[in-house]
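>>> Everything below, folded, please.
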Amino acid sequence: MEAQTVTWLVFLALIKHVSTSDPKNPFKVEPGGLPATEGSCSEIKCQVTEDVDDPDAYWFWMKDRRWVKSDEDYNTTVIYSTNTLTRPVSPDFANRVKYIGSSSSSWRNSYWSKPLCSILICDLRTSDSGKYSLRFVGKLKWSSEEVTLNVEVNRCPLTFEGPAVVVESDEVTLTCSTSSSCPSKPHIQDVTQIDRTQATDFHQDKKRTTFSFRASREDDGKVFSCQTQDNTDKYLIRNITVTVKYKPRKTSISVSGSSDNQVKVGRSLTLTCDTDANPAPTTYFS
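Numbers count the residues shown, from 1 in each chain. Just a heads-up that it's a prediction; the model follows:
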């Protein structure tokens, strides 16, 4: 019995040594090619499959990596980084890549929580086509497999023009344009999903749709969208939020700290003005 116990202890020690010295790569990306359209967004899906507990580590996403043996590191284009001092993000990807994965603190319990390490690349360009992977640098170093992104030319690039701030009763014109070679018409719609009268024509090799209306206070904060009529990509929609400035109405004043509108000398009195206006009033006159 004692010999059997010793044998098991030795076996467990060997297992522990192997798992520590040759740990399994915990970062798995979804394989295959990712088709995407110029101007849209593409998600690169990544999952943490093993526990990762290294609070001092950093990690980054890279494009078209190339191993440099003399440096024992990758020469690559960094598109997202948790340590921009050591691994700065390329200007070509600045403000275009968003981390949409789980908090790295959840990576410690990956078996149960199945945390993600995914990113979203937006405002895609054809030059973004390439191979992407994640690099983790800490007590241990890991690199995920590469995934290929193919960005196709967008036949229907969109521009959406219109004033961001107007005054009540102003005439507002919104213009949604696309290439004349686009097989679909540009379309303008507001968030209430109610179609309004709009006109489509050709102007300087572009298809354009215009929509005009007279601004009212009810239009303040309204979001208008521009897209092609057959569009199914939520990222190929352009939005404009209209702010309408209007003068005060329904103004009322309330008094607190007095009885029957009478107040004794030395006592405090609070006057409150309530009104519907944009911008809200900040100065009061007596």
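
>>> Spell out the residue ranges of the helices in the protein.
For the chain, the helices defined by DSSP state H cover 2-21, 110-113.

>>> In terms of mean pLDDT, which of those helices ranks lowest?
Per-stretch averages of pLDDT across these put helix 2-21 at the bottom, with a mean of 41.

>>> which intervals of this protein have sub-threshold pLDDT?
Scanning the chain for pLDDT under 70 picks out 1-22, 191-198, 257-264, 266, 283-286.

>>> Recalculate using a threshold of 50.
1-3, 5-22, 193 (pLDDT under 50).

>>> Output the longest strand belonging to it.
strand 238-256 (DSSP state E).

>>> which strands and helices sit next to it?
strand 159-161, strand 165-167, strand 171-179, strand 222-228, strand 270-278 (3 or more C-beta pairs under 8 Å, 6 or more residues apart in numbering; DSSP states H and E). C-betas here are computed from N, CA, C, even on glycine.

>>> Ranking these by mean neighbour count, which comes first?
Most buried of the helices and strands packed on strand 238-256, by mean neighbour count (mean count of other C-beta atoms under 10 Å): strand 222-228, with a mean of 20.

>>> Name the residues that touch it?
For strand 222-228, contacts defined as C-beta atoms under 8 Å, 6 or more residues apart in numbering pick out 156, 158, 160, 162, 174, 176, 178, 182, 184-191, 209, 211, 236-242.

>>> so who does the closest residue to R249 other than its chain neighbours touch?
Of all residues not flanking R249 in the chain, D276 sits nearest, at 5.3 Å (C-beta to C-beta, 6 or more residues apart in numbering). When contacts are counted by C-beta under 8 Å, 6+ apart, D276 touches 217, 248-250.

>>> Okay, and the beta partners of R66?
N75 (DSSP bridges).

>>> Quickly note the distance from it to L34.
21 Å (C-beta to C-beta, to the nearest Å).

>>> C176 now?
Remark: distance between C176 and L34 (C-beta to C-beta) = 28 Å.

>>> thought T159 was touching L174?
No - applying C-beta atoms under 8 Å, one finds T159 not in contact with L174, separated by 11.4 Å.

>>> OK, contacts around the residue most central in space within the chain?
Centroid check for the chain by C-alpha atoms, centre = their mean gives K98 as the closest residue, at 5.6 Å. Residues in contact with K98 (C-beta under 8 Å, 6+ apart) are 119-120, 122.

>>> Just among the residues you listed, which is most surrounded?
Neighbour tally across the contacts of K98 (other C-beta atoms under 10 Å): the maximum, 20 neighbours, falls on I119.

>>> what sits opposite that one in the beta ladder?
Under the criterion used (DSSP bridges), I119 bridges to I44, Y99.

>>> and what of T200?
Beta-bridge partners of T200, counted by DSSP bridges, are T209.

>>> Not counting residues beside it along the chain, what's closest to V68?
Per C-beta to C-beta, 6+ apart, closest to V68 is N75, 5.0 Å.

>>> OK, contacts around the one you found?
Residues near N75 by C-beta under 8 Å, 6+ apart: 65-68.

>>> in the longest strand of the chain, what counts as buried?
Burial within strand 238-256, assessed by neighbour count using 16 or more other C-beta atoms under 10 Å, is assigned to 238, 240, 242, 244, 246.

>>> Just confirm the third one contacts D220, I think it does.
Translated: V242. Yes - proximity of V242 to D220 meets the contact threshold set by C-beta under 8 Å, at 7.3 Å.

>>> So for the two, which residues contact both of them?
Counting by C-beta under 8 Å, 6+ apart, V242 and D220 have no contacts in common.

>>> sorry, back to before: make TSV from the helices and strands packed on strand 238-256 and add distance to E146 to it.
Formatted as TSV, the helices and strands packed on strand 238-256 follow (distance: least, C-beta to C-beta, whole Å):
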stretch	distance to E146
strand 159-161	34
strand 165-167	46
strand 171-179	33
strand 222-228	33
strand 270-278	51
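
>>> Quick one: closest of those to E38.
Taking C-beta to C-beta as the criterion, strand 171-179 is the member of the helices and strands packed on strand 238-256 that comes nearest to E38, at 11.5 Å.

>>> quick one: C176 from F224, how far?
In terms of C-beta to C-beta, C176 sits 9 Å off from F224.

>>> Tell me the residues that contact both of these two, please.
Both C176 and F224 are contacted by 160, 188, 211, under the criterion C-beta under 8 Å, 6+ apart.
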